[in-house]
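1. A predicted structure for the sequence below; I have some questions about it.
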Amino acid sequence: MDWYVITGCPMRSRRRDTRQSADTLLPAESRIPLVGGRLSIDFVNTIERQQRSPDIDVLLPGYGNVLGWALSANILDRSQALPLVQLAKREPLESVAVRKRALVLREAIRGLLQGEPGNHLEALTMEWRVAMLRRLPVLSIDRPVVQWIWDPDLALDSLLWPVALDAMDLVTTDQR
């Protein structure tokens, strides 16, 4: 069964600068179409590299771009994104590190989906563990059920957690 689209996306960004500048930290929603049907598949669909420089990521050149994609994918809303933008400006090295982790996570998901050899499962498992550690069980006031919520502490990598959980669910179920 063919259940995902990883052939690239028709909308292209012309930005080639990979440095973290103020304009890449603005939480503008991404124009990358969400057509994969799952969060982790849509994240893989952000892969586009320049032919001249395959190490340069065209669609996610900075943390702000990853944040913009997270906004368009409804991982968070603007009220949640603004504190992350401020934190990224205060912690530029951490925002660069989180962006690199996002790219490793994306490559791991792509590699697993395409059955490529490598340590893809190890990379996904690392991010999945981080996500699981940041989930908290909370008893609902409305009804007697326990719900999972994300740790309310502000963390630049919080936008990776739902992607990692969805990817692990995808590769460990019969939905492939």
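-> Yes, it's here.

2. Toward the C-terminus, what is the element adjacent to the lowest-mean-pLDDT helix or strand in the chain?
-> Sorting the helices and strands of the chain by mean pLDDT, DSSP states H and E puts strand 146-150 at the bottom, at a mean of 76. Counting by DSSP states H and E, the next helix or strand C-terminal to strand 146-150 is helix 161-171.

3. what's next to that next one, contact-wise?
-> Applying C-beta atoms under 8 Å, 6 or more residues apart in numbering, the contact partners of helix 161-171 are 38-41, 43, 75, 105, 108-109, 112-113, 121, 124-125, 127-128, 130-132, 134-135, 150, 175-176. Just so you know, the C-beta spots here come from the backbone N, C-alpha and C atoms, and that holds for glycine as well.

4. Narrow these to those in strands?
-> Arg135, Trp150 (DSSP state E).

5. got the angle between the longest helix along the chain and helix 161-171?
-> Looking across the chain with DSSP state H, the single longest helix is helix 92-113. Counting by axes from the mean of the first three to the mean of the last three C-alpha atoms, to 10 degrees, helix 92-113 points 10 degrees away from the direction of helix 161-171.

6. Would you mind listing where the chain has pLDDT under the threshold?
-> Applying pLDDT under 70 to the chain flags residues 1-34, 36, 48-60, 140, 152, 175-176.

7. separation between Tyr63 and Ser72?
-> As judged by C-beta to C-beta, to the nearest Å, Tyr63 and Ser72 stand 15 Å apart.

8. before we move on, the earlier item: partner strands of the least confident helix or strand of the chain and their direction?
-> strand 135-139 (antiparallel) (DSSP bridges).

9. burial measure for the closest residue to Met132 other than its chain neighbours, as a count.
-> The shortest distance from Met132 to any non-neighbouring residue, by C-beta to C-beta, 6 or more residues apart in numbering, is to Leu165 (7.7 Å). Number of residues near Leu165 (other C-beta atoms under 10 Å) recorded here: 18.

10. just use 694 as the starting number from now, easier for me
-> Yes, from this point I'll number from 694; that puts the last item at Leu858.

11. Please report the distance of Leu858 from Arg836.
-> In terms of C-beta to C-beta, Leu858 sits 23 Å off from Arg836.

12. Kindly report the same for Met861.
-> Met861 is 28 Å from Arg836, where distance means C-beta to C-beta.

13. what do you get for Val823?
-> 30 Å.

14. in stretch 846-864, what's buried?
-> 848-861, 863-864 (16 or more other C-beta atoms under 10 Å).

15. Now for those: which two are most distant?
-> Of all pairs drawn from the buried residues of stretch 846-864, the greatest distance, 25.0 Å, lies between Leu849 and Val864 (C-beta to C-beta).

16. ok so, going back, how far out from the middle of the chain is the longest helix of the chain?
-> 8 Å (C-alpha atoms, centre = their mean, to the nearest Å).
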